[in-house]
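Participant: need a structure here:
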Amino acid sequence: MNFRRQARRFIDRQVEVDTVNETYVGRLAKVEHDVILLCICHKGQNHLIIIRIDQIVALSAV
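Facilitator: Residues are numbered from 1 along each chain as shown. Here you go, the predicted structure:
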């Protein structure tokens, strides 16, 4: 199974995304061809973060 297929199983769930530079926690909104979209809450506002799949080290449910 490839990463995108496995990641799609986590759509609309709270996840932790470890990248080569940082760790993000939020709701997985969408999985595209080479990026994922993660919805995070920062200072009471929702933000959509775009993360390149080639930068992801690990993706896990929270």
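Participant: which residue ranges form the helices in the protein?
Facilitator: Under the criterion DSSP state H, the chain contains helices at 3-8.
Participant: residue 18 contacts residue 55, correct?
Facilitator: No: at 9.8 Å, residue 18 does not count as touching residue 55 under the criterion of Cβ atoms under 8 Å. (Glycine included, C-beta is placed from N, CA and C.)
Participant: quickly list what's touching both of these two.
Facilitator: Common neighbours of residue 18 and residue 55, using Cβ atoms under 8 Å, 6 or more residues apart in numbering, do not exist here.
Participant: for residue 34, which residues are in contact?
Facilitator: Applying Cβ under 8 Å, 6+ apart, we find residue 34 in contact with 52, 53, 54.
Participant: what comes up buried for stretch 8-26?
Facilitator: When neighbours are counted by 16 or more other Cβ atoms under 10 Å, the buried residues of stretch 8-26 are found to be 10, 15, 17, 19, 26.
Participant: hmm, which of the contacts of residue 34 are the buried ones?
Facilitator: In terms of neighbour count (16+ other Cβ under 10 Å), the buried residues within the contacts of residue 34 are residue 53.
Participant: that's all I had, so thanks and see you.
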